[in-house]
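Engineer: from the sequence below, what's the structure:
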Amino acid sequence: MRFIKPAWVTHKDSSRNDQDTKRQSIFSIHVHPDGSRIATGGLDAKVRIWSTKPILNATSENSGRPPKSLCTLSMHTGPVLTVRWAHSGRWLASGSDDEIIMIWDLDPSGRGKVFGSNEVNVEAWKPMKRLPGHESDVTDIAWAPEDRYLASVGLDSKVIVWCGYTLERIRKLDQHNGFVKGVCFDPVGEFMATQSDDKSVKIWRTTDWELEAEIRKPFEDSPGSTFFRRLSWSPDGAHITASNATNNKGFVFIAAVITRGLWTSEISLVGHENTVEVAAYNPHIFLRNPSGPLVTSNICSVVALGADDRSISIWQTKSARPLIVAREVFERQIMDLSWSRDGLTLYAASSDGTIAVFDFDPEELDGIAPFTAQRQYLQKFGFVPPPVPEGFSHGTFYGDNNVPSSRITPPPSPQSRTTERLQSQTEFGPDTANGGTEQINRLVAKKSNKKRVKPLLMSDIPSASTSDNIVNGATTQVPTSVVNQPSRATNGAGPSFAPPESRYSVPRSRHPSHSTSPAPSMLDFDADIEMGGPMDMDVPIDAIGTSSSPGTTRGKRKASALEGDDRPARPRTLGGDRPREVVAVREIISGRHEKRHDLLPVPPVLTFLSAKVDGGEDVLEGRNSEADGPSEVTFVSGKQTQWLDYVQSPIIALTASPAFCAVATQDGSVNVYSHTGRRIMPIITLDAPCSMIHSCKTSLLLLTVTGQLLSINVKSHSAYFPSAFIGCLLHAPDSKVVAATVRHNGAPVLQLSSGVAYTYDSQLLQWAKLSDRWWSEGSDVWQGRQRNTKDVIASIESAITANTDDKAVDKKRPEWWNAALTLGHLESKLHATKALDCPSEYKQALLQYAKKLADEGFRAKAEELIKDLFGPVYWNSTRKEESWSPTVVGLTKRDLLREVLSVFARSKTLTKLALDWQDTLRKASNEELS
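Structural biologist: Predicted coordinates:
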């Protein structure tokens, strides 16, 4: 392998001849399918195209043939954040800070000097199509297989899908609640994946562009300050590797591997010391045993990770440790990665304004399979893509062993590896590298459900020396320190690779994917893959979660393994020996509660009611007798009754949380039980029967038919505030309560049919609006179309949209309407998220608010927001200020301020203000530490 850093690949101010002009950040890099050129996008608002032969061939570099710089494209008006070649190689797509996507096509007659600079275009690419549609920075774009679609994502939280042939907009997806910073397509063509600052990865079906799945678990504690969240889909279609994930409540930075079909992440690539910014799979599938058949258990993939710790790691999914770890490759974080079509060259770009190249020999990546094998394997999924629009075609696509004739006339390409040399690694012949059977790794089984390998951080791994890579503007080639140093001798300057010391055996996946064929599994158990180093392995994989093999004494034991009658008897409980009964649900016609001045309806008396414990499988059930018998309360797990109790009045409502259960009866009484059936509070007597009841953790909400609302902390046996009357909220004609819920902090949430949601402020002792249909008429950040979201305010806005009709679409609005309503909506949302104690939504709304202030250039509001978050100038943790708290909804205000200032610093109007306050914040932090 050779490691190369070409000093001449740079984004600088081309109008100046000064050699000391500062390098500008490179945000994106992508290799043309024929391998002859790369495209880069940078802070200088330009797309630059470079020949790869001078990079890979020192003789070509010194001779200047072909030219190093091929073309400079300068139609964008903001930094270029992403560049991607179409799979056909015919078009180049670029996305920018200017909210525009440009499609470039080769212009044979357009060569010549670049306007306003001293550069000369050896070849010319003309802007063929301009794709507006995003309302903020375009952060990532991706072409679907065979270029059927082009997807773009941006900081407007939107995903836009375009036809890859006509370039017409097909669909706009707005279900993300934060900046969207990554997108990729399934190689099968069935799904698309997007990753966002709302700490989720969403999977979309390409057949109807509806949401297939949402993955949140490994991203819940991930930082929101990264430039990108670039994810990648493995060439076998089995996995997605997503960046910016964490373990251990955010203290361990990982890349999360998501399994197709199950859409869960039980595998982690661990070892980077800072956030993983980008993941990129090698386009080829690899065979564990090149002489074996093309089956799921014989397939693996290679993936590269780039992180903010300035390091790059390359993993092969059959091994528990990376093939390569190159540390301190750049001076700043890695922005993008791209593999060449032949799978033997990896290009990396950094915000320090340089690129790096890892060039492998075929022998170093053993088991590489041709694209014909990949196409043959992907046919097993049984997915039939939609037909190509009539009359449209991108022409021939780049395949295995031939470069198609196309409209593009590239400069002389680098000397390609011979086809025979590649086929010697990919045909199904004998494998001289493996030399025997695979050794199965052994994992340490711990008490938790995670089976983890002992971690080894990247600081313990030999680093790549890159301090002298660029000398006097010339390209240097240096060997990179490598994990798993080879045992076989090599004659070249760069290292080659031996097979990993131990590998995972990978059986066929036990779980079917969404398609008709199972996807291969990296690991068939819940595990974390760590970077390098010795591993403490005690338990065979086959012993985890399965019955023990003969002679095996370690691993999990099934209950049936207990011998004789030593098994403990089931504890005796009240009614626990009675099997669960099925009761038909009917309304009982009986004497109802005598109406007084009821604001809300009295729930009917039914023969059967039930409430499932949130987050569990247990169920609280109520049964009312149709005769004169008592009503019965039961707590059921599976088909077995855990306990029962009797109450003297008919049951009309019940609720269950992980902490308690509550039963409301027709006579206005409320019984509160623990999960063992013990009454943990005195029987509460209300002035009227409950109309609605709800629980969340240790909080209980009771709303009577007369309009009295109580919010109770069951754990402390106290009320969060005195009972409140809701009559003042129902002043609108035909207004009624649609839903009444409670938050974990005791804050009630009332949603009315009038399109307004309220909570009760326990400090003001007054009702306060959480959200209002009014904002939807002009706010740019209204989340009324969110589905199945866990965010509280987003779900409230979605419910408001669903329960009301939009009658204000065609109204004429004042000039500042959208700006005023967007700011008002966000300011209201900040107060709402504080009232309901929603940290993630508060942070998201705060950053959206900061972005809007920056876009509009409202300096006074921005400065006031900064001062509110910064607090007193001389404040420190030992000094208590009554009027200012250093935290809000559990988040440190000054930490939030850092992210707000980062938003302001990227704007065109508030940069100076942000830089001044960043300096002030830095000084304050240093004083606090000292």
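
Engineer: could you list the low-pLDDT ranges of the protein?
Structural biologist: Applying pLDDT under 70 to the chain picks out residues 13-20, 110-118, 390-572, 576-581, 590-596, 785-789, 803-810, 874-882, 928-930.

Engineer: can you list the domain ranges for it.
Structural biologist: What the TED database lists as the domains of the chain is 574-589+597-725, 838-929.

Engineer: and the residue sitting furthest away from the middle of the chain, how far from residue 587?
Structural biologist: Relative to the centre of the chain, and counting by Cα atoms, centre = their mean, the farthest-placed residue is residue 628 at 56.2 Å. Applying Cβ to Cβ, to the nearest Å, the value for residue 628 to residue 587 is 17 Å. C-beta: built from backbone N, CA, C; applies to glycine.

Engineer: can you list the buried residues in stretch 125-140?
Structural biologist: 125, 131, 133-134, 136-140 (16 or more other Cβ atoms under 10 Å).

Engineer: which residues in the stretch 251-400 of the chain form helices?
Structural biologist: 371-378 (DSSP state H, counting those that start in this stretch).

Engineer: for the stretch 701-850 of the chain, same thing?
Structural biologist: Using DSSP H, counting those that start in this stretch, helices in the stretch 701-850 of the chain cover 792-803, 817-835, 839-856.

Engineer: let's have the ones you listed in TSV, adding mean neighbour count and distance to residue 221.
Structural biologist: Shown next, in TSV, are the helices of the stretch 701-850 of the chain (neighbours: other Cβ atoms under 10 Å; distance: least, Cβ to Cβ, whole Å):
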stretch	mean neighbour count	distance to residue 221
helix 792-803	20	19
helix 817-835	19	18
helix 839-856	22	10
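
Engineer: state the distance from residue 80 to residue 55.
Structural biologist: 20 Å.

Engineer: please apply the same query to residue 731.
Structural biologist: 72 Å.

Engineer: and these two? Which one has more around it.
Structural biologist: In terms of neighbours (other Cβ atoms under 10 Å), residue 55 is the more surrounded of residue 731 and residue 55; the figures are 24 against 8.

Engineer: can you name the next helix or strand after the strand or helix carrying the more buried one?
Structural biologist: Element membership for residue 55, per DSSP states H and E: helix 53-56. Following helix 53-56 in sequence order, the next helix or strand is helix 58-63 (DSSP H and E).

Engineer: and that following helix, what's buried?
Structural biologist: So, applying 16+ other Cβ under 10 Å, buried residues of helix 58-63: 60-61.

Engineer: ok, whichever helix or strand comes after that helix: who's next to it in the sheet?
Structural biologist: Sequence-wise, the next helix or strand downstream of helix 58-63 (DSSP H and E) is strand 69-73. For strand 69-73, the paired strands and their directions (DSSP bridges) are strand 47-51 (antiparallel).

Engineer: please state the offset of the partner strand from the chain centre?
Structural biologist: 31 Å (Cα atoms, centre = their mean, to the nearest Å).

Engineer: cool, and stretch 175-188?
Structural biologist: 8 Å.

Engineer: show me what contacts residue 653?
Structural biologist: Residue 653 makes contact with 603, 609, 663-664, 690-693, according to Cβ atoms under 8 Å, 6 or more residues apart in numbering.

Engineer: element containing it?
Structural biologist: With DSSP H and E as criterion, residue 653 is part of strand 651-656.

Engineer: send the alpha carbons of the helix or strand just after that strand over as CSV?
Structural biologist: Helices and strands here follow DSSP H and E; after strand 651-656, the next one along the chain is strand 661-665. What follows is strand 661-665, C-alpha atoms only, in CSV (Å, rounded to 0.1, in the frame of the first residue of the first chain):
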residue,chain,number,x,y,z
CYS,A,661,-51.2,1.5,38.3
ALA,A,662,-54.4,3.6,38.9
VAL,A,663,-58.1,2.7,38.6
ALA,A,664,-60.9,5.3,38.5
THR,A,665,-64.4,4.3,39.5
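
Engineer: which residues are in contact with the spatially closest residue to residue 910 that is not a sequence neighbour?
Structural biologist: Spatial nearest neighbour of residue 910, chain neighbours left out: residue 904 (4.2 Å); criterion: Cβ to Cβ, 6 or more residues apart in numbering. Residue 904 makes contacts with 850, 853-854, 862, 910-911, 913-914, as judged by Cβ under 8 Å, 6+ apart.

Engineer: count of neighbours near residue 168?
Structural biologist: Residue 168 has 10 nearby residues by other Cβ under 10 Å.

Engineer: before we move on, which element is the nearest residue to it once chain neighbours are set aside in?
Structural biologist: Nearest in space to residue 168, with sequence neighbours left out and distances taken as Cβ to Cβ, 6+ apart, is residue 162 at 6.7 Å. According to DSSP H and E, residue 162 maps onto strand 159-163.

Engineer: given the helix or strand just after that strand, what are its sheet partners and their directions?
Structural biologist: Later in the chain than strand 159-163, the nearest helix or strand by DSSP H and E is strand 169-173. Strand 169-173 pairs in its sheet with strand 159-163 (antiparallel), by DSSP bridges.

Engineer: contacts for the strand it pairs with?
Structural biologist: 101, 131, 133-134, 148-153, 168-174, 176, 180, 183, 192, 194, 204, 209, 389.

Engineer: buried among the residues you listed? Make that a ChimeraX selection.
Structural biologist: Command for ChimeraX, covering only those of the contacts of strand 159-163 found buried under the criterion 16+ other Cβ under 10 Å:
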select :101,131,133,134,148,149,150,151,152,153,173,174,176,180,183,192,194,204
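
Engineer: in strands, which of the contacts of strand 159-163 appear?
Structural biologist: 101, 131, 149-153, 169-173, 180, 183, 192, 194, 204 (DSSP state E).

Engineer: redo the contacts of residue 653 as JSON lines? Include neighbour count.
Structural biologist: Below are these laid out as JSON lines (neighbours: other Cβ atoms under 10 Å):
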{"residue": "603", "neighbour count": "20"}
{"residue": "609", "neighbour count": "21"}
{"residue": "663", "neighbour count": "26"}
{"residue": "664", "neighbour count": "27"}
{"residue": "690", "neighbour count": "29"}
{"residue": "691", "neighbour count": "23"}
{"residue": "692", "neighbour count": "21"}
{"residue": "693", "neighbour count": "22"}
